[in-house]
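Asker: need a structure here:
(2 chains)
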Amino acid sequence: MATIFGIDYPTLWFLVVGGLFSGYAILDGFDLGAGTLHLFFKKEESRQIALKAIGPVWDGNEVWLVIGGGALFAGFPEAYATIFSAMYVPFMLFLLFLIFRAVSIEFRGKEPMRWWRQLWDVSYCVSSTMLGFLLGVVLGNVLLGIAIGEGFEFEGNWLEFLNPYAIAVGLTTVALFAMHGAIYLTMKTEGRLFTKITLLLKRAIIAFIVLFSLVTLYTLLYIPHLSNDFKSNPSLFVVPLMAFLSIANIPRLATKGKYRLAFLFSSLSVSLMLILVAIELYPVLIISTVDPAYHLTVYNAASSEKSLGIMLLMAAIGAPLVLAYTVFVYKTFWGKVKAGENY
Amino acid sequence: MDVEILSRIQFAFTIAFHYIYPPLSIGLGLLMVVMEGLFLRTGDRQYEQLAHFWTKIFALTFGIGVATGIVMEFEFGTNWATYSRYVGDVFGSALAAEGIFAFALESGFLGVLLFGWDKVSPRVHFLATVGVWLGSMFSAVWIVVANSWQQTPAGFHVVGEGMEARAEITDFWAMVFNPSSVDRLLHVWIGAFLAGAFLVLSVHAFYILKNRHLEISKKAFKIALAVATVFSLAQLAVGHRSADGVAENQPAKLAALEGHFDSLGVADMYLLGWVDKEKQEVTGLKIPGGLSFLVNWDFREPVRGLNSFPAGDRPSAVNAIFQFYHLMVAIGMALIALTVYASIQWWRGRLFSQKWLLRLFVFAVLLPQIANQAGWFAAEMGRQPWVVYGLLRTSDALSKSVTANQVLFSLIMFTVVYALLFALFIYLLDKKIRNGPESHAFVEHRPHLEDISDVVAKPRTKKSPH
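Answerer: So this is what the prediction gives:
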């Protein structure tokens, strides 16, 4: 089997997909989180500023989802087909809220009536929150495993996705994004709104840490397959350790008022948590609760080596380009947002 | 209704709705490049105003295009899992290329295009416009390549049997340049240019009729008319090549397009008509032997008809395919007549004195849209019963774990959501058109621009009392 730096193609593509999802979680994470916090801002001006802070970037952030989904389809078509058809309803709801959110952002500023803006503000907040929640629910199910049977087809009931563990992971994701979004907003605001956001940030941090601890505890106690890798290979413990240190660093930096660093660390924490998930699962992509023979792994779900080789080449050429102009765009719009000034 | 029919309705509905927008983005992108390029060359700030105005409408079509495009990507997995498994290996590289080289380029520069008017120099801004437009053009490349591969598969081999069968790529370039992709790509691009140009023509014809933004609208109208004339004529040649390709690669589809049943008989070409599938007859206005001539350059040469294919391998909705195809062709001809006539009037210096012509252009915006839709319906229905021609049947391509009730739920959901989305589109488009290209204090204020964004407009009322 062909390798690059001793890593085989399916594993490399697993890293690509993981990197894209992690990029998506970091980027869309903060604008979804800003949406969750939206109704806590009471003044029209504050809401405008909060929306403007994500205005130039939220659309671009969603692009990471499109590319991540495409990368999963391209590299692991079996896994893509199985997970999307197994979780038909949550994915359809995800699309529903995705569109509703975009519509809300577009509609709210177009008419001056109070009820009009309130209506779209509520819909924006609810859909942002539900998107984070559904992402968490899907992740929770992936961690837990689903009923994959013969031919890698899902055999379970369509309602199985709503289990307590998945719901807990969903809520944790909402809290994580709220925290991440609050930190982003601190970098974009001033004055009383800024003070208000620092207050919201404290609450979001507490909510996230409490929920995250509960989920971690539950995972360790009741889902043994997710900690086996760490027990058999103690050197891997460095990853959860780093994740915990990184998370613990967020409240410390926030208290000190170092918000840029705090944002860096909340982004890092998102990545590390996903790396944790990746280590726990690899080489499995989706666990079958029916029979280990039906586990979807990076090998049995992967495209052919030829196909993966072409895609890896493209990624190697394309990634520096994408990175370069992403940096350019963010540099162009760096800085605080004021109410009167439009970008 | 069963899962298959519901899934097909849902896919047709969501893709048809999606396809209103990307062609507009591609077409408007071209015109924005021309307008902003003219501004850089001439320094005439009216061109800058035009570019700025159409950028805002571009943003609207792009935004809805992305939102409805994500739906398409998800649907491959949710509704067509077997299809995804079958084609994943082949489409993988096309999709990766689309994501990395096209979509990321487009979306990355979009921020600069929309919000960067006062943040970067005019030249850098122009580069961003070109980047976004090229991104949208590249997007079309990879999507059309993937779809063309479904029409005329190449560069692959099949591994496994029965439901385990998968297509695996053997030759990337043979897959990309499969027999139909170049012709179809040109056809799609030009269809998109026409959609964009006719929107510009419509809006500025409206302004001229209303005596608003007169000078600037005349400039815009001429630019768009030039683009529309060139590409309506080009579409005739490209469309013909595409039909030739169908004759060579998909004979069953060709037979359905003209309602030709005889196993091996001289085939007519219809200007319009009605297909009776039971009697295997077409009633209508025809050029005898026309299709034979198109395919073989000989009016008497026979062409393979539908009856020469096994019953299970023929497209079933022959009349619908016939009608969609003929509607597309008829509109193509009408666009040529309209644009050539208007160009002659322009040359004679009488373009803007004929009210009826301008009025016609206001409504002509619908024509390229209808033709684009009709063409795709003919192409996709003509490929049936196959989802990958000759290899995978549509009925085998479904998700086995999804039930009819689930699809019914999502179909209702999409109907409601898309109705809302379409209302939003019309509402915002109307608002932007009412504001017009000169409503913002744009020119005077650049580079310290006051109000570009539409994401958050200033409230016009005072604060509420408490």
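Asker: only C-alpha atoms for contact and neighbour calcs from this point on.
Answerer: OK.
Asker: Taking the stretch 201-350 of chain B, what residue is nearest to chain A?
Answerer: In the stretch 201-350 of chain B, no residue comes nearer to chain A than B:Val203, which is 20.9 Å away by C-alpha to the nearest C-alpha.
Asker: Tell me, what's the model's pLDDT at that residue?
Answerer: The model reports B:Val203 with a pLDDT of 96.
Asker: Hmm, B:Lys432 and it touching each other?
Answerer: No - using C-alpha atoms under 8 Å, B:Val203 is not in contact with B:Lys432; the gap is 10.5 Å.
Asker: Look at B:Pro459 and report its pLDDT.
Answerer: With respect to pLDDT, B:Pro459 scores 40.
Asker: measure the residue of the stretch 201-350 of chain B closest to chain A to B:Lys253 for me?
Answerer: Counting by C-alpha to C-alpha, to the nearest Å, the separation of B:Val203 from B:Lys253 is 37 Å.
Asker: so how far is whichever strand or helix holds B:Ile190 off the chain centroid?
Answerer: Take DSSP states H and E as the rule and B:Ile190 turns out to sit in helix B:181-209. Chain-centre distance of helix B:181-209: 10 Å, with C-alpha atoms, centre = their mean, to the nearest Å.
Asker: Please name the nearest non-neighbouring residue to the residue of the stretch 201-350 of chain B closest to chain A.
Answerer: Leaving out its chain neighbours, the residue that sits closest to B:Val203 by C-alpha to C-alpha, 6 or more residues apart in numbering or on different chains is B:Val362, at 6.6 Å.
Asker: The one you found touches B:Ser202, doesn't it?
Answerer: Yes - the criterion here is C-alpha under 8 Å, and B:Val362 meets it with B:Ser202 at 4.0 Å.
Asker: ok, back up a step: which strand or helix spans the residue nearest to B:Val203?
Answerer: Per DSSP H and E, B:Val362 falls inside helix B:355-363.
Asker: in that helix, what counts as buried?
Answerer: When neighbours are counted by 16 or more other C-alpha atoms under 10 Å in any protein chain shown, the buried residues of helix B:355-363 are found to be B:Leu357, B:Leu358, B:Phe361, B:Val362, B:Phe363.
Asker: Can you tell me which of those residues is nearest chain A?
Answerer: Nearest to chain A among the buried residues of helix B:355-363, counting by C-alpha to the nearest C-alpha, is B:Val362 at 25.4 Å.
Asker: In contact with the closest one, which residues?
Answerer: B:Leu201, B:Ser202, B:Val203, B:Ala205, B:Phe206 (C-alpha atoms under 8 Å, 6 or more residues apart in numbering or on different chains).
Asker: from these, which single one is nearest A:Trp58?
Answerer: Among the contacts of B:Val362, B:Val203 lies closest to A:Trp58 (C-alpha to C-alpha), at 29.5 Å.
Asker: where's the closest residue to chain B within the stretch 151-300 of chain A relative to B:Arg85, distance?
Answerer: Relative to chain B, the nearest point of the stretch 151-300 of chain A is A:Phe154 (5.7 Å; C-alpha to the nearest C-alpha). From A:Phe154 across to B:Arg85, the span is 14 Å (C-alpha to C-alpha).
Asker: Tell me which of those two has more neighbours.
Answerer: More neighbours surround B:Arg85 than the other of A:Phe154 and B:Arg85, with 28 against 25 (other C-alpha atoms under 10 Å in any protein chain shown).
Asker: Next, find the distance separating the more buried one from B:Pro310.
Answerer: Here the criterion is C-alpha to C-alpha. By it, B:Arg85 lies 27 Å from B:Pro310.
Asker: and the residue of the stretch 1-150 of chain A nearest chain B?
Answerer: Closest point on the stretch 1-150 of chain A to chain B, by C-alpha to the nearest C-alpha, is A:Ala74, at 3.5 Å.
Asker: How far off centre is the helix or strand harbouring that residue?
Answerer: Here A:Ala74 sits within helix A:58-75, counting by DSSP H and E. In this view, helix A:58-75 has its centroid 12 Å away from the chain centroid, taken as C-alpha atoms, centre = their mean.
Asker: now stretch B:394-414
Answerer: 25 Å.
Asker: next one: stretch A:37-45
Answerer: The chain centroid and the centroid of stretch A:37-45 are separated by 24 Å, computed with C-alpha atoms, centre = their mean.
Asker: Quick check: phi and psi on A:Asn233?
Answerer: Dihedral pair for A:Asn233: phi -140, psi 80, per degrees, to the nearest 10.
Asker: ok, how many other residues are close to it?
Answerer: A:Asn233 has 9 nearby residues by other C-alpha under 10 Å.
Asker: What of the one 3 residues further on?
Answerer: Using other C-alpha under 10 Å, the number of residues around A:Leu236 comes to 14.
Asker: Roughly how far does it sit from B:Arg8?
Answerer: With the distance defined as C-alpha to C-alpha, A:Leu236 ends up 47 Å from B:Arg8.
Asker: Any stretches of the chain with poor pLDDT?
Answerer: Let's take chain A. A:334-343 (pLDDT under 70).
Asker: Correction: the question concerned chain B.
Answerer: Low-confidence segments of chain B (pLDDT under 70): B:439-466.
Asker: Could you give the residue of it that lies closest to chain A?
Answerer: Residue nearest to chain A within chain B: B:Gly92 (3.5 Å; C-alpha to the nearest C-alpha).
Asker: close enough to count as contact, that residue and A:Gly69?
Answerer: No - counting by C-alpha under 8 Å, B:Gly92 sits too far from A:Gly69 to count as a contact (11.3 Å).
Asker: Tell me which of those two has more neighbours.
Answerer: Each of B:Gly92 and A:Gly69 has its neighbours counted (other C-alpha under 10 Å); B:Gly92 has more, 27 against 21.
Asker: Next, the contact list for that one, please.
Answerer: The contact partners of B:Gly92, by C-alpha under 8 Å, 6+ apart, come to A:Gly70, A:Ala71, A:Phe73, A:Ala74, A:Gly75, A:Ser303, A:Ser307, A:Leu308, A:Met311.
Asker: What ranges does the chain have for its strands?
Answerer: Because you didn't say which chain, this covers chain A. Shown for chain A, the strands assigned by DSSP state E span residues A:3-4, A:7-8, A:284-286, A:296-297.
Asker: Chain B was what I was after
Answerer: With DSSP E as the criterion, chain B has strands spanning B:156-159, B:166-169, B:264-266, B:269-276, B:281-287, B:302-304, B:386-388, B:392-393.
Asker: elements contacting the fifth one?
Answerer: In terms of contacts (3 or more C-alpha pairs under 8 Å, 6 or more residues apart in numbering or on different chains; DSSP states H and E), strand B:281-287 is packed against strand B:269-276.
Asker: Quick check: the residue of chain B closest to chain A vs B:Ala364, distance?
Answerer: In terms of C-alpha to C-alpha, B:Gly92 sits 39 Å off from B:Ala364.
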